[in-house]
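Colleague: Here is a sequence with its predicted model. Questions after.
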Amino acid sequence: MKHVKLNFQEKVKDFMTKNPFAIEKGENIKHAIDLMTSNRVGSVIIVDKDFKPINILTRSDILKLIFLGYTQVKVEDALKILKKDKKKLYVVKEDDLISECLELFIYKNIKHLPVVNKEGKLVGVISATDIIKKVSYLIFIDNLTGLGNRHYLESLKAKLNRFYKNISFGVLMIDIDNFKKLNDTYGHLFGDKVIRKVSKAILRNIRIVDEAIRYGGEEFLVILFKVNKEALLKIAEKIRKDVEKIKFRSHPEVKVTVSIGATLCKNGCELEKCIEKADKALKIAKETGKNKVVFI
């Protein structure tokens, strides 16, 4: 099973929330309270007239002010009450590495960081939650194709077995024919191109509600909801024919084909058993000439 790790060389701008809520220190604190409560945001940035951040108010700061009864004072007075008026404001630049944010979150006990551009003007805000959300997303994505990976499949199995026991669905196991030969002849980088193009062909021919997963090196799993045998085989054939049309400018002589194993999962059938069934159909397709669809 492949583990997708966060690349700590990614930049802050890929994680930050753009156009954060900002106010000037001369405004009433009620404005900040209204912004945070009505928009459900965790912070408001205090900026000067040049839109450069000078301080920050977080949700916990607002709660303290409400508890103490200071809901009609100016922002600058609120900062004094909170004893934040003389504290150093940590900021990060949009082109800084995400690892720098993590260090500040951990070692300075900071939850929100204003993000500035080269001129020092506010362009965003980033929180530990922003990073966690994206990390949780990356865990389920195959970074070569953008399809779901085996982690995602495991979560999908649990979801189907728990919440969708009475739904029928179709399963396709798709394998690129003669892939090892392509890799050995043209190299692994070219092999990656083949995998990406095949994954795009799969996505072109399924609905947005269906699932496409990179199951192994050159093997794909497709789950199609609410289909009968006729519709399942029609989609499988569309994928097979679409793959046949794949061309490469650098190697026009290369012909790519796939073998496909298909099966239907009826009410109460576990996904794991359906995958095994589709895999058996795939083996038959490979053993009987390739570039074909076999249904069990």
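Modeller: Happy to help now that I have it.
Colleague: Low-confidence stretches in this structure?
Modeller: Applying pLDDT under 70 to the chain flags the ranges 1-9, 133, 135-138, 159, 161-166, 267-268.
Colleague: okay, now the domains of it?
Modeller: 12-135, 143-295 (automatic domain parsing).
Colleague: now the helices for the chain?
Modeller: 29-39, 59-68, 75-81, 98-107, 128-138, 150-163, 179-186, 188-204, 229-244, 271-287 (DSSP state H).
Colleague: Turn the domains of the chain into a markdown table, columns for mean neighbour count.
Modeller: Quick note: C-beta positions are derived from backbone N, CA and C, even for glycine. Output for the domains of the chain, formatted as a markdown table (neighbours: other C-beta atoms under 10 Å):
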| stretch | mean neighbour count |
| --- | --- |
| domain 12-135 | 16 |
| domain 143-295 | 17 |
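Colleague: Contacts only, for the closest residue to Glu27 other than its chain neighbours.
Modeller: Excluding its sequence neighbours, the residue lying closest to Glu27 (C-beta to C-beta, 6 or more residues apart in numbering) is Val75, at 5.4 Å. The contact partners of Val75, taken as C-beta atoms under 8 Å, 6 or more residues apart in numbering, are 23-29, 31-32, 46, 57.
Colleague: Leu113 too?
Modeller: Contacts for Leu113 (C-beta under 8 Å, 6+ apart) come out as 90-92, 101, 104-105, 125-127.
Colleague: same thing with Lys247?
Modeller: Going by C-beta under 8 Å, 6+ apart, the list of residues near Lys247 reads Val254.
Colleague: distance of it from Val256?
Modeller: 9 Å (C-beta to C-beta, to the nearest Å).
Colleague: Over to Phe21?
Modeller: 50 Å.
Colleague: Throw the contacts of Val75 into TSV and include distance to Ala281, thanks.
Modeller: Putting the contacts of Val75 into TSV (distance: C-beta to C-beta, whole Å) gives the following:
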residue	distance to Ala281
Ile23	62
Glu24	67
Lys25	68
Gly26	71
Glu27	67
Asn28	69
Ile29	66
His31	64
Ala32	61
Ile46	63
Leu57	60
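Colleague: Lys111: which of these is nearest?
Modeller: Using C-beta to C-beta, Leu57 is the member of these that lies nearest Lys111, at 11.9 Å.
Colleague: and the closest one, how far is that from Ile66?
Modeller: 12 Å.
Colleague: for Ile23, same thing?
Modeller: For Ile23, the distance to Ile66 (C-beta to C-beta) stands at 17 Å.
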